[in-house]
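> Kindly return the folded structure for what I paste below:
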Amino acid sequence: MSWSRLLLWTLALGLIAWAVMLWPAVPEKIPAHFDASGEPDRWADRSLGAWLTLPLVGLGLAGVMEGTSALIRRPGAPGLNLPNKDAILALPGESRQRVLAVAAAWIRWVGVVSLVGFGFIQVGTWVEAQGAGGQGWVLGGGLMLLIGSLAALPWGLVAIDAELKRQQALVAASGD
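From the prediction side, this is the model:
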(Lines give C-alpha, C1' and ligand atoms only; values in the text may rest on other atoms or scores of the structure.)
Protein backbone atom coordinates (compact mmCIF):
# COMPACT_ATOMS: atom_id res chain seq x y z
CA MET A 1 0.00 0.00 0.00
CA SER A 2 1.34 3.42 -0.93
CA TRP A 3 1.88 6.19 1.61
CA SER A 4 -0.64 8.41 -0.13
CA ARG A 5 -3.34 5.72 0.03
CA LEU A 6 -2.55 4.85 3.65
CA LEU A 7 -2.61 8.49 4.74
CA LEU A 8 -5.75 9.30 2.73
CA TRP A 9 -7.78 6.53 4.35
CA THR A 10 -6.26 6.99 7.81
CA LEU A 11 -7.25 10.66 7.76
CA ALA A 12 -10.74 10.01 6.38
CA LEU A 13 -11.54 7.27 8.87
CA GLY A 14 -9.78 9.14 11.68
CA LEU A 15 -11.92 12.21 11.08
CA ILE A 16 -15.06 10.08 11.36
CA ALA A 17 -13.78 8.24 14.45
CA TRP A 18 -12.83 11.49 16.19
CA ALA A 19 -16.24 13.03 15.47
CA VAL A 20 -18.07 9.92 16.71
CA MET A 21 -15.91 9.81 19.84
CA LEU A 22 -16.77 13.44 20.66
CA TRP A 23 -20.47 13.06 19.86
CA PRO A 24 -21.61 12.50 23.48
CA ALA A 25 -20.04 15.82 24.51
CA VAL A 26 -21.30 17.93 21.58
CA PRO A 27 -23.34 20.85 22.99
CA GLU A 28 -26.92 21.72 22.04
CA LYS A 29 -25.83 24.33 19.45
CA ILE A 30 -22.98 23.84 17.00
CA PRO A 31 -21.62 26.10 14.27
CA ALA A 32 -23.05 25.07 10.89
CA HIS A 33 -21.22 27.63 8.73
CA PHE A 34 -18.34 30.09 9.03
CA ASP A 35 -17.79 33.42 7.26
CA ALA A 36 -14.56 34.40 5.50
CA SER A 37 -13.03 35.60 8.78
CA GLY A 38 -13.59 32.20 10.43
CA GLU A 39 -16.46 33.38 12.62
CA PRO A 40 -19.62 31.26 12.78
CA ASP A 41 -22.48 32.90 10.91
CA ARG A 42 -25.01 30.09 11.21
CA TRP A 43 -25.70 27.67 14.05
CA ALA A 44 -27.51 24.34 14.08
CA ASP A 45 -29.21 22.34 16.77
CA ARG A 46 -27.25 19.34 18.00
CA SER A 47 -27.84 16.47 15.59
CA LEU A 48 -25.71 13.60 14.42
CA GLY A 49 -26.24 14.70 10.82
CA ALA A 50 -25.03 18.25 11.45
CA TRP A 51 -22.02 17.05 13.46
CA LEU A 52 -20.96 14.37 10.97
CA THR A 53 -21.49 16.38 7.76
CA LEU A 54 -17.86 17.41 7.27
CA PRO A 55 -16.36 14.01 8.23
CA LEU A 56 -18.78 12.27 5.85
CA VAL A 57 -17.90 14.71 3.07
CA GLY A 58 -14.26 13.89 3.81
CA LEU A 59 -14.98 10.17 3.54
CA GLY A 60 -16.75 10.78 0.23
CA LEU A 61 -13.81 12.86 -0.99
CA ALA A 62 -11.42 10.03 -0.11
CA GLY A 63 -13.60 7.65 -2.13
CA VAL A 64 -13.66 9.99 -5.12
CA MET A 65 -9.89 10.48 -4.99
CA GLU A 66 -9.29 6.74 -4.69
CA GLY A 67 -11.71 6.02 -7.55
CA THR A 68 -10.11 8.68 -9.73
CA SER A 69 -6.64 7.34 -9.04
CA ALA A 70 -7.85 3.83 -9.98
CA LEU A 71 -9.32 5.13 -13.25
CA ILE A 72 -6.06 6.86 -14.12
CA ARG A 73 -4.12 3.61 -13.70
CA ARG A 74 -6.41 1.58 -15.95
CA PRO A 75 -4.73 0.15 -19.05
CA GLY A 76 -4.91 2.67 -21.84
CA ALA A 77 -6.17 5.28 -19.38
CA PRO A 78 -9.07 6.34 -21.61
CA GLY A 79 -10.12 9.05 -19.15
CA LEU A 80 -6.63 10.43 -18.72
CA ASN A 81 -6.60 14.21 -19.05
CA LEU A 82 -3.02 15.25 -18.42
CA PRO A 83 -0.52 17.32 -20.35
CA ASN A 84 1.53 15.10 -22.65
CA LYS A 85 -1.20 12.48 -22.74
CA ASP A 86 -0.02 11.20 -26.12
CA ALA A 87 3.57 10.86 -24.87
CA ILE A 88 2.38 8.99 -21.77
CA LEU A 89 0.20 6.63 -23.79
CA ALA A 90 3.05 6.05 -26.28
CA LEU A 91 5.22 4.50 -23.55
CA PRO A 92 5.35 0.71 -23.27
CA GLY A 93 3.08 -0.80 -20.60
CA GLU A 94 5.33 -0.89 -17.52
CA SER A 95 6.81 2.56 -18.20
CA ARG A 96 3.35 4.02 -18.80
CA GLN A 97 2.12 2.48 -15.54
CA ARG A 98 4.97 4.09 -13.61
CA VAL A 99 4.00 7.54 -14.90
CA LEU A 100 0.33 6.88 -14.22
CA ALA A 101 1.18 5.69 -10.69
CA VAL A 102 2.73 9.12 -10.04
CA ALA A 103 -0.44 10.76 -11.35
CA ALA A 104 -2.61 8.51 -9.17
CA ALA A 105 -0.52 9.28 -6.08
CA TRP A 106 -0.80 12.99 -6.85
CA ILE A 107 -4.60 12.71 -6.88
CA ARG A 108 -4.54 10.98 -3.49
CA TRP A 109 -2.14 13.60 -2.06
CA VAL A 110 -4.61 16.33 -3.07
CA GLY A 111 -7.18 14.38 -1.04
CA VAL A 112 -4.77 14.17 1.92
CA VAL A 113 -4.24 17.95 1.91
CA SER A 114 -8.00 18.50 1.70
CA LEU A 115 -8.67 16.11 4.59
CA VAL A 116 -6.13 17.91 6.77
CA GLY A 117 -8.01 21.13 6.00
CA PHE A 118 -11.31 19.44 6.86
CA GLY A 119 -9.77 18.21 10.11
CA PHE A 120 -8.75 21.74 11.10
CA ILE A 121 -12.25 23.00 10.34
CA GLN A 122 -13.84 20.19 12.35
CA VAL A 123 -11.57 20.98 15.31
CA GLY A 124 -12.52 24.65 14.93
CA THR A 125 -16.19 23.67 14.94
CA TRP A 126 -15.66 21.69 18.15
CA VAL A 127 -13.68 24.47 19.84
CA GLU A 128 -16.24 27.10 18.82
CA ALA A 129 -19.13 24.91 20.03
CA GLN A 130 -17.37 24.72 23.40
CA GLY A 131 -17.29 28.53 23.52
CA ALA A 132 -13.51 28.76 23.25
CA GLY A 133 -13.23 30.50 19.86
CA GLY A 134 -12.27 28.22 16.99
CA GLN A 135 -11.56 30.96 14.46
CA GLY A 136 -7.85 30.13 14.11
CA TRP A 137 -8.58 26.46 13.44
CA VAL A 138 -11.25 27.29 10.86
CA LEU A 139 -9.04 29.84 9.09
CA GLY A 140 -6.13 27.38 9.17
CA GLY A 141 -8.32 24.72 7.57
CA GLY A 142 -9.57 27.13 4.93
CA LEU A 143 -6.01 28.22 4.11
CA MET A 144 -4.91 24.59 3.94
CA LEU A 145 -7.68 23.87 1.45
CA LEU A 146 -6.94 26.95 -0.65
CA ILE A 147 -3.15 27.07 -0.58
CA GLY A 148 -2.75 23.29 -0.52
CA SER A 149 -4.95 22.89 -3.58
CA LEU A 150 -3.14 25.66 -5.46
CA ALA A 151 0.28 24.25 -4.56
CA ALA A 152 -0.71 20.68 -5.42
CA LEU A 153 -1.42 21.47 -9.07
CA PRO A 154 2.06 22.57 -10.19
CA TRP A 155 3.75 20.09 -7.82
CA GLY A 156 1.82 17.20 -9.34
CA LEU A 157 2.33 18.29 -12.92
CA VAL A 158 6.08 18.70 -12.34
CA ALA A 159 6.30 15.25 -10.71
CA ILE A 160 4.36 13.61 -13.56
CA ASP A 161 6.49 15.35 -16.20
CA ALA A 162 9.71 14.32 -14.42
CA GLU A 163 8.59 10.68 -14.30
CA LEU A 164 7.55 10.84 -17.97
CA LYS A 165 11.01 12.12 -18.95
CA ARG A 166 12.68 9.49 -16.77
CA GLN A 167 10.66 6.70 -18.37
CA GLN A 168 11.25 8.07 -21.88
CA ALA A 169 14.99 8.08 -21.19
CA LEU A 170 14.89 4.51 -19.87
CA VAL A 171 12.93 3.35 -22.91
CA ALA A 172 15.34 5.13 -25.26
CA ALA A 173 18.34 3.61 -23.46
CA SER A 174 16.88 0.10 -23.70
CA GLY A 175 16.26 0.51 -27.44
CA ASP A 176 12.48 -0.18 -27.31
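> Please name the nearest non-neighbouring residue to the residue nearest to the spatial centre of the chain.
The centroid of the chain falls nearest to residue 111 when counting by C-alpha atoms, centre = their mean (0.9 Å). Spatial nearest neighbour of residue 111, chain neighbours left out: residue 65 (3.5 Å); criterion: C-beta to C-beta, 6 or more residues apart in numbering. In short, each C-beta sits where N, CA and C put it, glycine included.
> Can you give me the neighbour number for that neighbour?
24 (other C-beta atoms under 10 Å).
> That one touches residue 8, doesn't it?
Yes - at 6.4 Å, residue 65 counts as touching residue 8 under the criterion of C-beta atoms under 8 Å.
> Name the residues contacting each of the two.
Residues touching both residue 65 and residue 8 (C-beta atoms under 8 Å, 6 or more residues apart in numbering) are 108, 111.
> Just say helix, strand or coil for residue 44.
Using DSSP: H, G, I helix; E, B strand; the rest coil, the structure places residue 44 in strand.
> That one and residue 137: what is the separation?
Per C-beta to C-beta, to the nearest Å, residue 44 is found 18 Å from residue 137.
> More neighbours: which of those two?
Between residue 44 and residue 137, residue 137 has the larger neighbour count (other C-beta under 10 Å), namely 21 against 16.
> so who does the more buried one touch?
Applying C-beta under 8 Å, 6+ apart, we find residue 137 in contact with 38, 120-121, 123-124, 127.
> Would you check which pair of these lies furthest apart?
The two members of these with the most space between them (C-beta to C-beta) are 38 and 123, at 12.2 Å.
> so what's in contact with these two at the same time?
When contacts are counted by C-beta under 8 Å, 6+ apart, residue 38 and residue 123 have 134, 137 as shared neighbours.
> returning to what we had before: which of the contacts of residue 137 fall within strands?
Counting by DSSP state E, no part of the contacts of residue 137 is found in strands.
> From the residues you listed, which land in helices?
If you go by DSSP state H, the contacts of residue 137 have 120-121, 123-124, 127 in helices.
> now these as CSV including pLDDT and distance to residue 48?
Converted to CSV, the ones in helices among the contacts of residue 137 look like this (pLDDT from 0 to 100; distance: C-beta to C-beta, whole Å):
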residue, pLDDT, distance to residue 48
120, 97, 22
121, 97, 18
123, 97, 18
124, 96, 19
127, 96, 20
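> Name the nearest of these relative to residue 61.
For the ones in helices among the contacts of residue 137, the residue nearest residue 61 by C-beta to C-beta is residue 121; the value is 12.9 Å.
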